[in-house]
Each structure stands twice: as C-alpha cells, then as structure tokens.
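Student: coordinates for the following, if possible.
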Amino acid sequence: MDFVKKSDLIDLITLAKVMATHHDMTPAEACHAIKYELQAYSSKVVLHDKSTDPLATSIPPWEQKEIADEIIDLEWWLYPEREKRFVGYWDIDDLSSGHSANQIAISIDDIEERFHIDRATLKHLVANLNAPQTNQPAPSAEHSAPDTAHHSHDLNTLIRAANKFWRNADPHDKDTHPINATIEDWLCQQGFSKICAKQGAVIIRPQWAAQGRPASK
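Tutor: Residues are numbered from 1 along each chain as shown. The predicted structure is shown next:
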C-alpha cells in the first residue's frame with residue numbers, strides 16, 4: 001500500500017467543484033468528466049483516502065471504479081449533506097473500515113496531466129472555494145431549489161437543453177428559434193445516441209415554436 005502526503009492531494013468532490021468553475025460546466029458534468037478519466041486511465045491514476053493518519057493511503061485498484069461511481073451517484077451537488085457519506089466497502093459495525101466520500105482524493109500531478117489545471121490555478125481555485133462566504137438571506141420556499149432526486153440523468157440533460165436553447169427564444173421571432181439539428185448535436189455531445197438526440201430535440205421544442213427550419217438558417 002502506497003502512502004502520500006495529504007498536501008499533494010485534492011479530494012474528488014473539491015476537484016469537481018473546481019472543474020465546474022474553471023471549465024464552465026455543472027458539478028454533474030464535472031463529475032462525469034472525472035469518472036471518464038478515471039475509467040480511461042484506471043491503470044495509471046491512483047485514488048487515495050485522506051482520512052488515514054498521518055499520511056493518505058492508496059485505494060486498491062479493484063475498489064476505485066466502484067467508489068468513483070458511488071460519489072457521482074450521491075448527487076452531492078443537490079444534497080451537500082451527502083458529501084460525508086461512506087462509499088466503497090465498509091462494515092456498519094466498524095466505521096473505520098469505510099471511506100468518506102469527501103476524503104477520496106487524487107494527486108495534484110494527476111490533475112495537472114488529466115484535467116489540464118495547473119498547480120497554481122488549482123490552489124487558487126481551491127482557496128476561493130474555502131473562502132468565507134458573505135451571509136445571504138435564506139431563500140424562501142417559493143424560490144428554493146426544486147427536488148430533482150427522482151430525475152434520471154437523461155431527463156436532467158433534456159431540461160438543461162431546453163434552458164440552453166429555448167429560454168431566450170422569442171415566440172414571435174422565428175429567427176431566435178434554434179434548429180433541431182443544433183440541439184441534436186449538443187445532446188449527442190452529452191452522451192445521447194443519434195436516435196435519442198433526435199427524439200429529445202422534438203420533446204423539448206415548445207408548442208409555440210415554428211415547425212421546420214427557419215428560412216434564414
């Protein structure tokens with residue numbers, strides 16, 4: 001088992017938050033990007049548990065994929081209290097055997113190589129995340145975040161697509177209406193098959209939207 005200094009590591013949840021800021025993506029998208037890299041380079045990238053003292057310990061390769069998947073499935077960006085849940089193999093009678101989600105980490109060297117964020121930028125972004133936040137009034141129930149725990153990943157993607165392509169469209173100005181092909185291409189980039197992307201573009205098209213391709217496009 002390898003041991004690494006904790007100062008040379010960033011936990012996956014913090015990394016996802018940093019990537020969301022640095023690459024202008026949602027935390028969910030950042031998590032899936034991390035998951036892809038971990039799967040693609042599973043033999044080269046090592047995860048570590050920062051909860052062990054005095055040094056972080058490496059996680060066995062056969063356990064890494066399951067732990068990364070579990071951290072994403074927690075949807076911690078919607079439910080922050082889940083950041084400390086146990087993941088991987090653990091004994092309910094011996095909590096010391098488990099891994100806390102916010103303690104699963106990756107080396108800064110691997111982050112620089114795999115996620116293209118240099119060390120100085122990474123530390124700056126992490127410092128900003130940890131900086132004290134100014135007190136904001138608690139949102140009212142009317143404006144609180146909706147409960148989307150029952151949404152599938154694909155449904156959330158369709159909702160994002162609707163907001164991205166149709167939120168600012170003018171019902172009375174056809175030139176502001178996106179064409180389905182543009183939406184289909186974007187959905188394919190998010191992991192949809194061509195058939196599902198075609199269907200998705202139709203599903204999210206508002207009833208007031210003109211059918212077919214605008215003349216100017």
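Student: helix or strand right after the helix or strand of the chain with the lowest mean pLDDT?
Tutor: Among the helices and strands of the chain, strand 86-87 carries the lowest confidence by mean pLDDT, DSSP states H and E, at a mean of 70. Sequence order places strand 99-100 as the next helix or strand after strand 86-87, per DSSP states H and E.
Student: run through the neighbouring helices and strands of that following strand.
Tutor: Contacts defined by 3 or more Cβ pairs under 8 Å, 6 or more residues apart in numbering; DSSP states H and E place strand 99-100 against strand 86-87. Any C-beta I mention is one placed from the backbone N, CA and C, and that applies to glycine too.
Student: please repeat the previous calculation with a cut-off of 6 Å.
Tutor: Here strand 99-100 touches no other helix or strand, going by 3 or more Cβ pairs under 6 Å, 6 or more residues apart in numbering; DSSP states H and E.
Student: who does that strand pair up with?
Tutor: Note on strand 99-100: by DSSP bridges, its sheet partners are strand 86-87 (antiparallel).
Student: pLDDT score for F192?
Tutor: pLDDT recorded at F192 is 93.
Student: show me where this structure has its strands.
Tutor: 3-4, 9-11, 47-49, 56-58, 86-87, 99-100, 104-107 (DSSP state E).
Student: what's the spacing between I13 and D175?
Tutor: Using Cβ to Cβ, to the nearest Å, one obtains 42 Å as the distance from I13 to D175.
Student: got it, and Q39?
Tutor: Counting by Cβ to Cβ, the gap from Q39 to D175 is 42 Å.
Student: which one is the residue nearest the centre of the chain nearest to, not counting chain neighbours?
Tutor: Closest residue to the average C-alpha location of the chain: A28 at 2.4 Å, with Cα atoms, centre = their mean. Nearest non-adjacent residue to A28, counting by Cβ to Cβ, 6 or more residues apart in numbering: W77, 6.3 Å away.
Student: Q39 and D175 - which one has more neighbours?
Tutor: Q39 (13 against 10; other Cβ atoms under 10 Å).
Student: what pLDDT does the more buried one get?
Tutor: Predicted confidence (pLDDT) for Q39: 77.
Student: which residues touch it?
Tutor: Not one residue lies near Q39 by Cβ atoms under 6 Å, 6 or more residues apart in numbering.
Student: so how far is Q190 from it?
Tutor: Applying Cβ to Cβ, the value for Q39 to Q190 is 17 Å.
Student: and if you look at T182?
Tutor: Distance of T182 to Q190, computed by Cβ to Cβ: 13 Å.
Student: same question, W62
Tutor: Using Cβ to Cβ, one obtains 30 Å as the distance from W62 to Q190.
Student: brilliant, that's me finished.
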